[in-house]
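Colleague: Attaching a predicted model along with its sequence, questions to come.
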Protein chains: 2
Amino acid sequence: MSEKLEVRTQELGKKLFDLSSESTMSLFDKGFWSGKMMDWSMQNHEFKVQMFRFVDVLPVLNESAQVNKHIKEYFLDDEIKIPMTMKAAMGVASTGGLIGKMASGTIRKNVETMSQMFIAGENSQKALPALEKLWKNGLCFTVDILGEAVVSSEEAFDYQRRYLDLVNGLAESVKAWPHQELLEKTGLGPIPRANVSVKCSSLYSQVSSYSFRESVETIKERVRPIVEAAFSKGICVNFDMEQVDYKDIILTVAEELFSEPRYKDYPYFGLVIQCYLKSALQDLDRVIKLSKSRKHPLTIRLVKGAYWDYEVIKARENDWPIPVFTQKAESDANFERCTERALSAYPHLLTALGSHNIRNLAYGMALAEEKKIPKESLEIQMLFGMADPFKKAVKNMGYRLREYVPVGEMLPGMAYLVRRLLENTSNEGFLRAKFVKGAEQSELLRNPKERVKTISPVLDGTSLENASKAGESHFTNESPRDFSLPEVRKGLAQTLDKVKKQFPIKAYPVIAGQRREGLEMGSHTSPRDSQVVVSQFAMATTEMADEAIRVAKASFPAWSKRPVAERVAFVRKLSQKIRDRHEELMAIMMFEVGKTGPEADGDVCEAIDFCEFYAQEMDRLSKPSKRADLPGESNHYFYQGRGPALVIAPWNFPLAILCGMAVGPLLAGNPVILKPAEQSSGIAKVLYDMMLEVGFPRDVVQLLTGKGEVVGAHLVSHPDTHIINFTGSRAVGLSIIETASKVLPRQRHIKKVVAEMGGKNALIVDDDADMDEAILGALKSAFHFQGQKCSALSRVIVLESNYERFKERLVGGLMTMKLGDILDPATKIGPVIDKETQSRLLDVIERNRSKIVGQLEVSEELMSKGNYVPATIFEESDFNSELGQQEFFGPLVTIFKAATIEEAVLKLNDTDYALTGGIYSRSPQNIEYFKREADVGNLYINRAVTGSIVSRQPFGGFKLSGVGAKAGGPDYLLQFLEPRSVSENLMRRGFTPEL
Amino acid sequence: MSEKLEVRTQELGKKLFDLSSESTMSLFDKGFWSGKMMDWSMQNHEFKVQMFRFVDVLPVLNESAQVNKHIKEYFLDDEIKIPMTMKAAMGVASTGGLIGKMASGTIRKNVETMSQMFIAGENSQKALPALEKLWKNGLCFTVDILGEAVVSSEEAFDYQRRYLDLVNGLAESVKAWPHQELLEKTGLGPIPRANVSVKCSSLYSQVSSYSFRESVETIKERVRPIVEAAFSKGICVNFDMEQVDYKDIILTVAEELFSEPRYKDYPYFGLVIQCYLKSALQDLDRVIKLSKSRKHPLTIRLVKGAYWDYEVIKARENDWPIPVFTQKAESDANFERCTERALSAYPHLLTALGSHNIRNLAYGMALAEEKKIPKESLEIQMLFGMADPFKKAVKNMGYRLREYVPVGEMLPGMAYLVRRLLENTSNEGFLRAKFVKGAEQSELLRNPKERVKTISPVLDGTSLENASKAGESHFTNESPRDFSLPEVRKGLAQTLDKVKKQFPIKAYPVIAGQRREGLEMGSHTSPRDSQVVVSQFAMATTEMADEAIRVAKASFPAWSKRPVAERVAFVRKLSQKIRDRHEELMAIMMFEVGKTGPEADGDVCEAIDFCEFYAQEMDRLSKPSKRADLPGESNHYFYQGRGPALVIAPWNFPLAILCGMAVGPLLAGNPVILKPAEQSSGIAKVLYDMMLEVGFPRDVVQLLTGKGEVVGAHLVSHPDTHIINFTGSRAVGLSIIETASKVLPRQRHIKKVVAEMGGKNALIVDDDADMDEAILGALKSAFHFQGQKCSALSRVIVLESNYERFKERLVGGLMTMKLGDILDPATKIGPVIDKETQSRLLDVIERNRSKIVGQLEVSEELMSKGNYVPATIFEESDFNSELGQQEFFGPLVTIFKAATIEEAVLKLNDTDYALTGGIYSRSPQNIEYFKREADVGNLYINRAVTGSIVSRQPFGGFKLSGVGAKAGGPDYLLQFLEPRSVSENLMRRGFTPEL
């Protein structure tokens, strides 16, 4: 950067500061109460968190008692570490009685008042006065419609309708307003008074980068009427940017739509670039290219970006590269880089700088001067309700200042308010630095590039490294595919094409490394297409089973005594092998068991996680622990293997569960005999081959294909079987437990049965739940992989006050989910595993037809092709009914009503099972109650009840759901080990080395 | 101390140093090889340890190959951290072949040569030349006979015979020697040339402070002929001091014997005071008192003491006060305190200073001067073979120097040699400071009292605190009774008297706190006396069992949700209650199940340990562990109770096991129903009452007395029982496992069975074992508590080369054990639990009569009084015989022969059981092999296979010995807990508090 430019930047920055200091300097124009809240929030982190959470839940609290309850729980609980003064002040509101009611009423009112600072009105009509006032003050605006997450098509179309109303209404209203020279033209010509910003994701509830094309098409279809209205009324329309996962979808929508012949000459389209993204410059280039291809330039709004937490969380969760800059100064510097790139594209691009950062703005102004860009061609944008002194200064310097103005109901508006508050009181923000910390002007105006390295304590408080340390993450899970990358989507499509040519996969028993052929064969057709045989499996005989267990028994001493490091090395090699063939394995499972891509991806990742986690665990457990030694005595406690393990695995996580159930015992020193499910013999054979390839001894890992009733049952009652590691149905599991408990003649041990069985999992939706989240969580939990998970959601227990609305929205949500062929990325719900399952589930639906409240039907065509079952939501009042008690293992879920949280938990518990269970609630006390009283192995709070991750959520249940310690948890391997003690007397002749 | 005395001490010290520096200054008069060994030992701790261990085992290595093997294992193994130069030098000896043989022959010879430096000869006859040489050099001596530990009466009498030979032989031989003025008189008159030191414990293999009176009587009886011989030949006899546990016994023997009319005027008796004992001054006063009561004074030899390691180990093991000073300087200072006290008693006491510490000696000389005690009345004693320059200096200053001269075979002599080497190369020793570290004279002569505080780095290397840290002891076990204290012995006797008046104890079912009377009663007579009914127990009905489980089930939710700290508090109160009633509980068990005092003591301590350890464990487990968190997500893993537990306990550890099996589930949150064994209903009732007293809720802890076949069986198959915690016979255990595996109608869980069953435990005696230790360990393991422990030794597998000698000595050892009434403290083996057991065991003996090689018979009188069974040693070659395979649970043990260590381990493993097993070996490689290959839950090396201690040796087996994790170990409580995961989504509206 030229020195001249920097000097001018500083000059302009000082001028902006000077001009703003003419007004009273305050961040918010606020009354006493909201002022206190903001002050305290900025002083005390815990208060801030509680405050925001309270504000988040407040809109759904309809009664004074509810408000009081939440104030108590959020602010007054002994566990909450906020200063006593704050507690005392908040305490007034919760004393109950008349004063209490008044106070809690006051709170509602105060928070509403606060949100009115940031939201112009409930709808476009009501917002007009505020907009007109802005206009008369010489400021223009772009209007955004606040919306809760859309879960259904109705909601999406409602959102569309509100936009249309806004466009049409505004177009009409603004006509009568006085002329404002500065606001109605750029250097290139006139611009409309009305300006609207659209969030595309609100128009479609199923946007997903995995289903890229379909997402683009659907959004185009739904945004088109809005664009058309703007076009015909001549007003400006911008597409806002949202989470990075949607970025390419929105850019593609813009590229395609804005290039259509009808719109290609329309001058008033805008887009947004988020400068906190590491990809911002490339994104900008793409927009410049688009803009240059059109007759009139697009307007680009440069912002930092408002999804920082979300992006970091998502990336960390998936172990993906973090897409955003982690230092605020980096984003600030990138903002200037983007400003330079954007201004350089003038007059092929119009630039708006959306920032409250005076330095960034001054830089943009200085650069525009240098590039001789007229003032009216550079727009400054700021948020409605904040930093008014800056706005005046910008205006007074002769720039057009546009406010970003949210319009919407207070209820969904709270969410927006919360986000704004968090953003603007964050430790790293410019506004906080200026208004709260009172940083020096020179510091505030410093070139952000310089700050990147030095990390100013004022401007860069939190670093991501701290967050990482606090998380104490000692195990890194395998990273799933990032389907927002086109090459990933393309790679999978190619692999699917390649893999399907290899069918059928033929699986034979392999005993001591020898493949046994010439046996009766069974076959398994693809759930999506009954014409395609995906795998064939040879029917192993009981004689082969005998042979296998003999071989395993003989291999046990050597395997169990092999150094743990060597066993660990085999498993790590296996995990690398799986990683190398990640996509191929996904593809096989998609065909063989009917998983969608993301579900198959999860399966492969989990297999890798099991390998790596158990390897790490075995390494830990292999270090003999010293027991309290005394001089003269050395005591150690260590573990050793038990003996041959029979692994009976299910078809629903045909790679992950089989793999985890095998490597656990193997690491512990036990030879395994794999008995995969018939329906997934293909992927099992592939896994088995990989195990041999990485060098597992052939007598230590053997494969028995065929019927569980034959070879499985035979080995369960074999005297040489030591461990039975079973995952599957409750009936089979209980019978194994019973059979294996008998000590047979010449059996010198008691068999260890690890059985993971079914579930009848429930989710409670509390009366203060975030309903958007609850619906999305419920749909995912109940219908992904067609409900064929032992963790799948089967019952939703909704608190009365939410019941009707929840039911309606849940059904609406289901209706937007595509049920179809898993090769179509848009498909969320595929076929069930086999014909038998299909007809069993159709019977359940038939028997309970009167209880159906929503159903996603299956076309005749699909029905004739594969094993499809209509995804169905039932409603039932009898918790003891079939719908309340039976596990279906299919895309069926039933809604129940409960009067109180206590009743809800009681009903949640009242089944034979105890596997997963969840609650959506924003009451800390109810969450605590749920944690304490809900009898399930895996409790989930404000999230889906499926998708446990190895190590993070060790998985497994009790009651009749299972006996074992949790898969992917710290106690899992202990089940396959025998603990031993060694005590050595070190004293010889009265002397010992240690003294 | 007067300044004058200190000045004189320094003068004399300097003179002693000066006089000694006239000779070549070296600690040992040594050749190249032994010199190297000693040098290296002092340079390198690891080498020293290995060297001493090697020297310890060398005598039993009869073949060159064995020597080579041990050299390899002790010095050349990669794990051994000694410098390469030392390894290389040692390596020559182990290369095998001709050079190897020569070298290993050389090593044997070198070590023998070394030991000849310290041992005057193999017997008194062969020692005479060395003794005469001393005499002619102007030095006198006291002769001690080296002995291995005596395990039988034969060996004790052999030792006695050797002493008699020594006394008689010496008396004769010395007559011809030339007169030595200085050596033949004190200031009080003439003294004999011949002087003998006796170790009393060598005269009786069963010395024990618990059996105080009997130990005193037996030793008196056996030492009397030696005293009589000395008396009649007019030579001097001293009683040496040994471990502190024997101190009062030896002092009492001396008091009683030396005061007998025949000996009370005899002038030539000596005793020893160990100045490292904190009690040394009191001990000395006791001796002075005795001496003053006689016509002629005793000679007291002041030493520091040679059992320091042993005393520290023993005290730490039992958590008793350490009886010795832990700083060497403290012992040195105490030596001077004792010197002052002893010299003050002159002429009623003659003093000999046994020390190589010039400072201590100079102080004694100076003080004697001050007290005007003639030089000839102060004797200096030093060890034969060491520090010769000092000896000359002492002599040249005109003092009588007596050497302490061991006589004996090289084989047992090695043990002595090892002890001497260790002592004199210890980091704290004066000799090391002088000769190795080359400390300054002034430092060496400093008043030890001054050094106590400053802790000179030269003189005080190791501190006990370091040892404690290295031990990482986080749990302190309950301290057993110290029967060497007279008040402890007396207390128990009184309690026994009191307790027996309370019989019979009546035990009734107690359900929800209500005692159920009016039932059919059973009764249990004392094993020691069939006339005495110790306890009566009411026969609970199945209806009562149903009621109890109903109550327990209802109490579960509240109990399991009660804060862990409260459950822990109940258990800690219980443990305090048990501690308060320690002796009473011991006494009840002695009567009810026939335990000796020490066995009953162990039972009470273990009960306390279980309480305290499990409480500590539950506290640990109750802290939910954070699983790898990511931002926006909080994951916890925690445990909760399962449900009602049925505790079926055995009679053999009627307090400890019942208590441990109950508090484990209770702490975990499970209500318990106690079903104690019928034979120990009395102590069970007492425990149960204590549980109610400390406040356990009455619905949480219930008692069912009566028949296991009735109420136990009923509850095992009850659908509401969650946990069955069983310890007992294999037949019952396996049937419980089978029955409980069936999930009954309306049962919503899978029962958890924890079953600890039998053992057929074996001990291997390797061909290089320390046989003394092996025999003592085997006798203890097989016969204490009449073999009625699941850990008890049942099979001894002896390597061929040791077989005959081991058998003979083991039988000899058994014969010295008293089988009789447990009220007699001398009794080591008491009666078995009941008539049924007695007759079952008598049948076993009868069936295997031809295999008996040794038997401790039972008198007619005992037989008619209680349930006695002859303690029997069998010999058998068939490992598959009844003797090789059946668990007897009685005082029976069988010896087997094995050709190799491999065969021994194979046979050890070849049973249905896998509980305890041990090896006595001094081959590191064989020990490793044993650890790796021996299939038992508890492995013991060079110690007894019984007596596991809570936390230090978690206890339990596998195969058909048990299913559970180990009692008293880190995994025990997990069995009574269900693990659970909670995952909470912390992100709201895209924001999370942690970022």
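Modeller: In hand now; what should we look at?

Colleague: Ignoring the adjacent residues along the chain, who's closest to A:Ser921?
Modeller: A:Asp766 (3.5 Å; Cβ to Cβ, 6 or more residues apart in numbering or on different chains). In this view, the C-beta of every residue, glycine as well, is placed from N, C-alpha and C.

Colleague: Kindly confirm whether my reading is correct that that neighbour touches A:Asn926.
Modeller: Yes - A:Asp766 is in contact with A:Asn926 according to Cβ atoms under 8 Å; the separation is 5.6 Å.

Colleague: Could you list the buried residues of stretch A:149-163?
Modeller: A:Ala149, A:Val150, A:Val151, A:Ser152, A:Ser153, A:Glu154, A:Glu155, A:Ala156, A:Tyr159, A:Gln160, A:Arg162, A:Tyr163 (16 or more other Cβ atoms under 10 Å in any protein chain shown).

Colleague: just checking, the fifth one touches A:Met815?
Modeller: In other words, A:Ser153. Yes - under the criterion of Cβ under 8 Å, A:Ser153 makes contact with A:Met815 at 6.6 Å.

Colleague: returning to that earlier point: touching both of A:Asp766 and A:Asn926, which residues are there?
Modeller: Residues touching both A:Asp766 and A:Asn926 (Cβ atoms under 8 Å, 6 or more residues apart in numbering or on different chains) are A:Ile901, A:Ile919.

Colleague: Write out the residues of the stretch 301-450 of chain A neighbouring chain B.
Modeller: Counting by Cβ under 8 Å from any Cβ of the partner chain, the stretch 301-450 of chain A comes close to chain B at A:Tyr307, A:Trp308, A:Asp309, A:Tyr310, A:Val312, A:Ile313, A:Arg316, A:Glu317, A:Ala415, A:Val418, A:Arg419, A:Leu422.

Colleague: tell me the pLDDT at the fifth one?
Modeller: In the predicted model, A:Val312 carries a pLDDT score of 92.

Colleague: isn't it right up against B:Glu994?
Modeller: No - with contact defined as Cβ under 8 Å, A:Val312 does not reach B:Glu994; the gap is 10.1 Å.

Colleague: now, the most widely separated pair of the residues of the stretch 301-450 of chain A next to chain B?
Modeller: A:Arg316 and A:Ala415 (22.8 Å; Cβ to Cβ).

Colleague: And A:Lys626, what's its pLDDT?
Modeller: In this model, A:Lys626 carries a pLDDT of 83.

Colleague: typed the wrong thing, it's A:Phe435
Modeller: 68.

Colleague: just checking, A:Phe269 touches A:Glu255?
Modeller: No - under the criterion of Cβ under 8 Å, A:Phe269 is not in contact with A:Glu255, lying 11.1 Å apart.

Colleague: Compare the two (neighbour count), which wins?
Modeller: Between A:Phe269 and A:Glu255, A:Phe269 has the larger neighbour count (other Cβ atoms under 10 Å in any protein chain shown), namely 23 against 16.

Colleague: Tell me who's in contact with the more buried one.
Modeller: A:Val227, A:Cys236, A:Val237, A:Asn238, A:Ala254, A:Phe258, A:Tyr263, A:Leu298, A:Thr299.

Colleague: Can you tell me who it pairs with across the strands?
Modeller: A:Val237 (DSSP bridges).

Colleague: Could you tell me which residues of the stretch 651-800 of chain A lie near chain B?
Modeller: Close to chain B, as judged by Cβ under 8 Å from any Cβ, the stretch 651-800 of chain A has residues A:734, A:737-738, A:740-743, A:748-750, A:752, A:755, A:770.

Colleague: can we see that at 7 Å?
Modeller: A:Leu734, A:Ile737, A:Glu738, A:Ser741, A:Lys742, A:Val743, A:Arg748, A:His749, A:Ile750 (Cβ under 7 Å from any Cβ of the partner chain).

Colleague: which neighbours do A:Val312 and B:Glu994 share?
Modeller: B:Pro631 (Cβ atoms under 7 Å, 6 or more residues apart in numbering or on different chains).

Colleague: so how far is A:Tyr363 from the residue of the stretch 601-750 of chain A found nearest chain B?
Modeller: The stretch 601-750 of chain A approaches chain B most closely through A:Ser741 (3.4 Å), counting by Cβ to the nearest Cβ. Computed with Cβ to Cβ, to the nearest Å, the distance linking A:Ser741 and A:Tyr363 is 77 Å.

Colleague: Now look at stretch A:901-908 and say if it contacts chain B.
Modeller: No - applying Cβ under 7 Å from any Cβ, one finds stretch A:901-908 out of contact with chain B, separated by at least 11.4 Å.

Colleague: And that stretch, what's buried?
Modeller: Those would be A:Ile901, A:Glu903, A:Ala904, A:Val905, A:Lys907, A:Leu908, for stretch A:901-908 by 16+ other Cβ under 10 Å.

Colleague: any idea which of those residues is closest to chain B?
Modeller: For those, the nearest to chain B is A:Val905 (11.9 Å; Cβ to the nearest Cβ).

Colleague: check contacts around that closest one.
Modeller: A:Val905 neighbours (Cβ under 7 Å, 6+ apart): A:Ile764, A:Tyr929, A:Phe930, A:Glu933, A:Ala934.

Colleague: which residues does the fourth one contact?
Modeller: By Cβ under 7 Å, 6+ apart, the residues touching A:Glu933 are A:Val905.

Colleague: That one and A:Gly917: what is the separation?
Modeller: 10 Å.

Colleague: quick one on the thing from earlier: just the buried residues from the residues of the stretch 651-800 of chain A next to chain B, in ChimeraX please.
Modeller: Buried members of those can be picked out in ChimeraX with the line below, counting by 16+ other Cβ under 10 Å:
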select /A:734,737,738,741,743,748,749,750
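
Colleague: Among the residues of the stretch 651-800 of chain A next to chain B, which pair sits farthest apart?
Modeller: It's A:Leu734 and A:Arg748 that sit farthest apart of these, by Cβ to Cβ, at 25.3 Å.

Colleague: which ones are touching the closest residue to chain B within the stretch 151-300 of chain A?
Modeller: Per Cβ to the nearest Cβ, A:Gln243 is where the stretch 151-300 of chain A lies closest to chain B, at 8.2 Å. Listed by Cβ under 7 Å, 6+ apart, the contact partners of A:Gln243 are A:Tyr307, A:Tyr310, A:Glu311.

Colleague: Just put those in TSV and tack on secondary structure and neighbour count.
Modeller: As requested, the contacts of A:Gln243 are exported to TSV (DSSP: H, G, I helix; E, B strand; the rest coil; neighbours: other Cβ atoms under 10 Å in any protein chain shown):
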residue	secondary structure	neighbour count
A:Tyr307	coil	23
A:Tyr310	helix	22
A:Glu311	helix	21
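
Colleague: between the residues you listed, which is nearest chain B?
Modeller: A:Tyr310 (4.1 Å).

Colleague: Now for the closest one: which residues touch it?
Modeller: A:Gln243, B:Gly990.

Colleague: ok, now A:Arg572?
Modeller: When contacts are counted by Cβ under 7 Å, 6+ apart, A:Arg572 is found next to A:Cys611, A:Ala615.

Colleague: In terms of helices and strands, where is it?
Modeller: A:Arg572 is part of helix A:564-580 when elements are defined by DSSP states H and E.
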